[in-house]
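1. Here's my sequence, what's the structure:
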Amino acid sequence: MSSAAWHLGWWAPLPPAVEPDDLIDPGVHGPLLAAAGSGAPLDRLGQARLDVLKAAGLATPEGRPRFPVASAEHAKGLLAAAEDLGGAIARLLSGEWSRIEVEYEPLRATVAGSGEPTIAFLVVGGLVLDVGVRRLLRLQGVAAPPFGSAYAWLAEGETRAVAGVWCARVTPVPARGHLVRFGRPDAPQWELAALDPEAAPALPAAREPALRALVEGVGWSMVKLVEDAVPALDPQRRRIPGCDDEGAFLAWAYSLAIDAALGNLSGRGLLAPPIDGVVSIRVADPALAGI
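-> All right, here's what the predicted structure looks like:
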């Protein structure tokens, strides 16, 4: 077994029936599924654990994982390919920046005092890249998630970068729309934001149509970039056990590309990452919540 850590990454187009981290223990299941996927022999304990995963639908009857499980070598290769895509996304966003700012400035005035510069990080990273583009990719016919209404992947490496650092989660708020959080799930404020959704500023209803038009307009350009990048990503997919479902692989690759794009834009001084690791807002428009 490698000394590198295993990390779980996941994304759900709709709230998952069961959160993947309630089912998957990266430190245990990563090495196990990687070995099973490569055809390596398992000891009795490993075989017993694999039988449990089969019964839960996380592995096929033959023992192959039902979602991507990448060793450090394979994860590193995918990360390099995804960074190329992230660079292309950043260049496209930079060219659209004046258009983005038209919608961003009124939004910043509306939510003044809630972290101002980081709101742009939410708009670009959360609403444009994560929620918006993923919704459009789903409408393009990306395959249904393999279990629990979520795409999941396990990756081995020295940092969480192999699983995707920045991501969005959408939580329904009864009679109040949806809470969109964008940030780092490992940050302490991540869970606290979900516990008190009313503390998040609400996007004024009058701003939502224009912001939705921005998300969809920029989003379709992003979708085209992703579609054009798939042939270059496919050799990486074929090397990784559990990548029979292209949807799970694409969700993972795009998560890495989002990280690269945001890092690129932050380096150019266009974005300021949230200091506490998360920024959130409440929206009423289902499209802005990725539904």
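2. Mind jotting down where the helices sit in the stretch 101-250 of the chain?
-> Using DSSP state H, counting those that start in this stretch, the helices found in the stretch 101-250 of the chain span residues 117-121, 133-139, 188-195, 208-239, 246-267.
3. low-scoring pLDDT stretches of this protein, where are they?
-> 1-3, 106, 109-117, 143, 147-148, 160 (pLDDT under 70).
4. Who are the contact partners of the residue located most distally from the centre of it?
-> Here the chain reaches farthest from its C-alpha mean at Arg44, the gap being 35.1 Å by Cα atoms, centre = their mean. By Cβ atoms under 8 Å, 6 or more residues apart in numbering, no residues touch Arg44. (C-beta placed from N, C-alpha, C; glycine too.)
5. Quick check: phi and psi on it?
-> phi -60, psi -40 (degrees, to the nearest 10).
6. hmm, back to that, now the helices of the stretch 101-250 of the chain as a markdown table including mean neighbour count and distance to Pro174?
-> Putting those into a markdown table (neighbours: other Cβ atoms under 10 Å; distance: least, Cβ to Cβ, whole Å) gives the following:
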| stretch | mean neighbour count | distance to Pro174 |
| --- | --- | --- |
| helix 117-121 | 21 | 25 |
| helix 133-139 | 20 | 22 |
| helix 188-195 | 14 | 14 |
| helix 208-239 | 16 | 19 |
| helix 246-267 | 23 | 28 |
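7. Output these as TSV; include the columns distance to His29.
-> Formatted as TSV, the helices of the stretch 101-250 of the chain follow (distance: least, Cβ to Cβ, whole Å):
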stretch	distance to His29
helix 117-121	32
helix 133-139	25
helix 188-195	23
helix 208-239	20
helix 246-267	15
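8. what's the closest of those to Arg91?
-> helix 246-267 (8.2 Å; Cβ to Cβ).
9. Show me how far the closest one is from its chain's centre.
-> Between the centre of helix 246-267 and the centre of its chain there are 7 Å (Cα atoms, centre = their mean, to the nearest Å).
10. now the angle from the helix or strand just after it to helix 188-195?
-> Following helix 246-267 in sequence order, the next helix or strand is strand 278-283 (DSSP states H and E). If you take axes from the mean of the first three to the mean of the last three Cα atoms, to 10 degrees, strand 278-283 sits at 20 degrees to helix 188-195.
11. Strand 278-283 - contacts with which helices or strands?
-> Contacts defined by 3 or more Cβ pairs under 8 Å, 6 or more residues apart in numbering; DSSP states H and E place strand 278-283 against helix 117-121, strand 177-183, helix 188-195.
12. For that strand, C-alpha coordinates in CSV please.
-> The C-alpha trace of strand 278-283 is given here as CSV (Å, rounded to 0.1, in the frame of the first residue of the first chain):
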residue,chain,number,x,y,z
VAL,A,278,-16.7,29.5,2.0
VAL,A,279,-19.0,32.1,0.7
SER,A,280,-22.8,31.6,0.3
ILE,A,281,-26.0,33.2,-1.0
ARG,A,282,-29.7,32.3,-1.2
VAL,A,283,-31.3,32.2,-4.6
